[in-house]
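Asker: with the sequence up front, the predicted model follows.
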Amino acid sequence: MAAGTIRYWAAAKAAAGVAEEPYAAETLADALADARRRHPGELVRVLLRCSFLVDGDPVGTRGHETVRLAEGGTVEVLPPFAGG
């Protein structure tokens, strides 16, 4: 199991109530499932609209269960931003 950091931006940050927190997960799907358990409610809805970067690389349309997380890695949670 890899350990790293999830960073929340804009609406995701507001919904989570924190700017970042640690993850301990093998895949992006596992890390997001843990985040949903820790922050039920608005974050669950916000994550449906988000895009994700894993160690600076866009996840795009890849299945989250196929995106492996690295030890010391970073997941960026990016909600849609107005104007861009």
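Answerer: In hand now; what should we look at?

Asker: avg pLDDT for stretch 64-83?
Answerer: What stretch 64-83 shows for mean pLDDT is 92.

Asker: in that stretch, which residues are buried?
Answerer: 67, 69, 73-79 (16 or more other C-beta atoms under 10 Å). Where you see a C-beta, it was placed from the backbone N, CA and C, and this is true even at glycine.

Asker: where does the closest residue in space to Val77 that isn't next to it in sequence fall, phi/psi-wise?
Answerer: Take Val77 and drop its neighbours on the chain: the residue closest to it by C-beta to C-beta, 6 or more residues apart in numbering is Ala12, 4.5 Å away. Dihedral pair for Ala12: phi -70, psi -40, per degrees, to the nearest 10.

Asker: burial of Ala12, as a residue count?
Answerer: 24 (other C-beta atoms under 10 Å).

Asker: how about low-confidence regions in the chain?
Answerer: 82-84 (pLDDT under 70).

Asker: SS state for Asp43?
Answerer: Actually, residue 43 is Leu rather than Asp. At Leu43, secondary structure determined by DSSP: H, G, I helix; E, B strand; the rest coil is helix.

Asker: what is the burial count for it?
Answerer: 22.

Asker: dump the residue contacts of it.
Answerer: 12, 15-16, 35-36 (C-beta atoms under 8 Å, 6 or more residues apart in numbering).

Asker: most neighbours among the residues you listed, which one?
Answerer: Counting by other C-beta under 10 Å, top hit in these: Ala12 with 24 neighbours.

Asker: now do the contacts for that residue.
Answerer: Counting by C-beta under 8 Å, 6+ apart, Ala12 has contacts 43, 46-47, 50, 77-79.

Asker: recalculate using a threshold of 6 Å.
Answerer: 46, 77, 79 (C-beta atoms under 6 Å, 6 or more residues apart in numbering).

Asker: could you give the bridge partners of the second one?
Answerer: In other words, Val77. Note on Val77: beta-bridge partners by DSSP bridges are Tyr8, Phe52.

Asker: Cys50 is in contact with that one, correct?
Answerer: Yes. Between Val77 and Cys50 there is a contact under C-beta atoms under 6 Å: 5.3 Å.

Asker: what is in contact with those two at once?
Answerer: Between them, Val77 and Cys50 share no contacting residue, judged by C-beta under 6 Å, 6+ apart.
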